[in-house]
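Undergrad: any chance you can model this:
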Amino acid sequence: MKQEFTAYIRKLQNTITSKLEEIDGKASFREDVWKRPEGGGGRTRVIENGAVFEKGGVNISEVHGALPESMQQYFGVKDADFFACGLSLVLHPTNPMVPTVHANWRYFEMYNAAGEIVDQWFGGGQDLTPYYLFEEDAKHFHAICKTACDKHNPEFYSAYKERCDEYFYNPHRGEGRGIGGLFFDYCKVSPTMTMQDWYHFVTEVGDSFLEAYIPIVENRKNLPYSEAQKDWQEIRRGRYVEFNLVHDKGTLFGLKTNGRIESILMSLPPKVQWVYDHQPDVGSEEEKLLDVLTTPKDWLR
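TA: Numbering: from 1, shown residues only. This is a model prediction of the structure:
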């Protein structure tokens, strides 16, 4: 399974970065191939200062070795080894009318002292973080997510949409990071799903990403915007940073397993503002966004 999924994410990285370069039309991805001293490595691709994307990254990694003590305590195991691979991407557009997007698809194995697999699972998802709310964009993104889920189980979309709303949430702010999408983790063998079934589901979601996001970019990338709207984008980016550094499990896992710091923090936007006690004007488009972020919405009704 790990060879099959590794081959998939390598191909998917090429597909996604090629399409994003085509959309941007100005900037190209810079590639770093890196090695992890404890075992494994990865291929980081970053785009900056483009015509469409102010900063973005599409990274793959395949790491293995002894599970650090802090993570052994987290999983409740002793003297375990692990293998983890995945693709993670974040795109921060220049135009505040274009939403930031995040996606991740990953696979994990854990081994005992004899090198036997004692646990394995898939995880991942994709979610949208707009700065200005276009309801048709939200409906499109969620419709693509639901279509991918429905091909495998009619209950997946509602379950993983709810988990996404719960996970990408800043409790210290009382608001969601964005308008959600899908989030799933610890997808293991069950009476109804084999690991191969999970592989087909996760790759279905991964293959749907460009269809979910690119039409939104195309529709919004040339819309006019003001300096005040750019300021709002940077203020909202601050909330994105807060979530990633305080709550995100993927960031914490990378830091605790001696991951490559440049790749881990690639998700952070280039320009951010923290304005003291900033409140949007009553009845404004900015307030409209906050209303949605404090109360998750069913976009497909």
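Undergrad: now Asp281: phi and psi?
TA: The phi and psi torsions at Asp281 (degrees, to the nearest 10) take the values phi -60, psi 140.
Undergrad: okay, the nearest residue to it once chain neighbours are set aside and Met71: tell me how far apart.
TA: Taking C-beta to C-beta, 6 or more residues apart in numbering, and ignoring the residues beside it in sequence, Asp281 has Glu287 as its nearest neighbour in space, at 6.7 Å. No exception for glycine: its C-beta is placed from N, CA and C like everyone else's. Distance, Glu287 to Met71, using C-beta to C-beta, to the nearest Å: 41 Å.
Undergrad: higher neighbour count, those two?
TA: Shown here are Glu287 and Met71; by other C-beta atoms under 10 Å, Met71 has more neighbours (17 against 12).
Undergrad: give me the element the more buried one is part of.
TA: Here Met71 sits within helix 69-75, counting by DSSP states H and E.
Undergrad: centre of the chain to the edge, which residue is at the far end?
TA: Residue farthest from the centre of the chain, counting by C-alpha atoms, centre = their mean, is Ala114 at 34.0 Å.
Undergrad: picking that back up, the residue nearest to Asp281 looks like it's in a strand, true?
TA: No. The assignment for Glu287 (DSSP: H, G, I helix; E, B strand; the rest coil) gives helix, which keeps it out of a strand.
Undergrad: from what I see, it and His278 are in contact.
TA: No. The pair Glu287 / His278 is not scored as a contact, 11.6 Å apart, by C-beta atoms under 8 Å.
Undergrad: hang on, isn't Val52 packed against Glu21?
TA: No. Because the distance of 10.0 Å does not satisfy C-beta under 8 Å, Val52 is recorded as not touching Glu21.
Undergrad: quick one: which of the two has more around it?
TA: Set side by side, Val52 and Glu21 show more neighbours around Val52, with 22 against 17, by other C-beta under 10 Å.
Undergrad: from Ile23, how far out is the more buried one?
TA: Val52 sits 6 Å away from Ile23, going by C-beta to C-beta.
Undergrad: what does Ala228 give?
TA: 26 Å.
Undergrad: and for Arg43?
TA: Arg43 sits at a distance of 21 Å from Ile23 (criterion: C-beta to C-beta).
Undergrad: same check, this time on Gln13
TA: When distances are taken as C-beta to C-beta, Gln13 and Ile23 turn out to be 16 Å apart.
Undergrad: top helix in this protein by residue count?
TA: Looking across the chain with DSSP state H, the single longest helix is helix 195-220.
Undergrad: what residues sit buried inside it?
TA: If you call a residue buried by 16 or more other C-beta atoms under 10 Å, then helix 195-220 has these buried ones: 195, 197-199, 201-203, 205-206, 208-210, 212-214, 216-217, 220.
Undergrad: quick one: distance of that helix to the chain centre.
TA: What separates the centre of helix 195-220 from the centre of its chain is 12 Å, taken as C-alpha atoms, centre = their mean, to the nearest Å.
Undergrad: by contact count, what packs against it?
TA: Helix 195-220 makes packing contacts with helix 2-24, strand 81-93, strand 100-111, strand 117-129, helix 135-150, strand 180-187 when contacts are defined by 3 or more C-beta pairs under 8 Å, 6 or more residues apart in numbering; DSSP states H and E.
Undergrad: now the ones you listed as TSV including distance to Asn244 and mean pLDDT?
TA: Shown next, in TSV, are the helices and strands packed on helix 195-220 (distance: least, C-beta to C-beta, whole Å; pLDDT from 0 to 100):
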stretch	distance to Asn244	mean pLDDT
helix 2-24	20	98
strand 81-93	9	96
strand 100-111	9	96
strand 117-129	11	96
helix 135-150	20	98
strand 180-187	14	97
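Undergrad: next, format these as JSON lines and append distance to Gly259.
TA: Formatted as JSON lines, the entries for the helices and strands packed on helix 195-220 read as follows, by distance: least, C-beta to C-beta, whole Å:
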{"stretch": "helix 2-24", "distance to Gly259": "16"}
{"stretch": "strand 81-93", "distance to Gly259": "10"}
{"stretch": "strand 100-111", "distance to Gly259": "13"}
{"stretch": "strand 117-129", "distance to Gly259": "16"}
{"stretch": "helix 135-150", "distance to Gly259": "28"}
{"stretch": "strand 180-187", "distance to Gly259": "18"}
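Undergrad: out of the ones you listed, which gets nearest to Asn258?
TA: Put simply, out of those the one that sits nearest Asn258 is strand 81-93, at 12.6 Å, with distance taken as C-beta to C-beta.
Undergrad: tilt between the closest one and helix 2-24?
TA: Compare the direction of strand 81-93 with that of helix 2-24 by axes from the mean of the first three to the mean of the last three C-alpha atoms, to 10 degrees and you get 10 degrees.
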